[in-house]
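Student: Task: produce atomic coordinates for the following.
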Amino acid sequence: MSRYRRAQLVVCVIALAFALVGLVVARDLGFTARRGALIGPSDLELATLTLNPLGALASAAVAALGMAGALLRRRLLVTAAGAGFVVLAALVLVQWGGPTNWTGGRGSNISLWLGAGVSLLALASGERSAGAPAR
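Tutor: The predicted model follows:
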């Protein structure tokens, strides 16, 4: 397994872990609750993620897509997962603090999803560059 695929898997496993913990923590919330459940210690409220069940499922689905792409050696799937994480981050940015917040996220979610998305996009691009023949 190439170092690019290992790095893609690490990014996706971390995002999937947060999503699964979020799904457990948010089990008592409404599916699209505006304010998600805190993931992490509550005394660090500003530095923790929040997710509602929809946000957790969306994050898990995108992470699973990225993992499948890394394991199946499909750069398109990894790129789609990277774009999916960027879309989730943009969605939180647009909806955070408003009357609607489909993912139940806030600023810390933006940093996780944007970081995961840009990382996957860069790794997919780097993998392509590394596989190209030298001129």
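Student: got the contact list for the residue nearest to residue 29 when sequence neighbours are not counted?
Tutor: Distance criterion CB to CB, 6 or more residues apart in numbering; nearest residue to residue 29, sequence neighbours excluded, is residue 52 at 5.2 Å. Every residue, glycine included, has its C-beta placed from N, CA and C. The neighbourhood of residue 52, defined by CB atoms under 8 Å, 6 or more residues apart in numbering, consists of 26, 29-37, 101-104.
Student: how about residue 52, phi and psi?
Tutor: phi -100, psi 170 (degrees, to the nearest 10).
Student: Now do it against residue 126, distance only.
Tutor: Noted for residue 52: a distance of 34 Å to residue 126, by CB to CB, to the nearest Å.
Student: Quick one: buried ones out of the contacts of residue 52?
Tutor: 26, 29, 33, 34, 36, 37, 101, 102, 103, 104 (16 or more other CB atoms under 10 Å).
Student: Now do the same contact list for the third one.
Tutor: Yep, that's residue 33 we're talking about. The contact partners of residue 33, by CB under 8 Å, 6+ apart, come to 26, 52, 53, 104.
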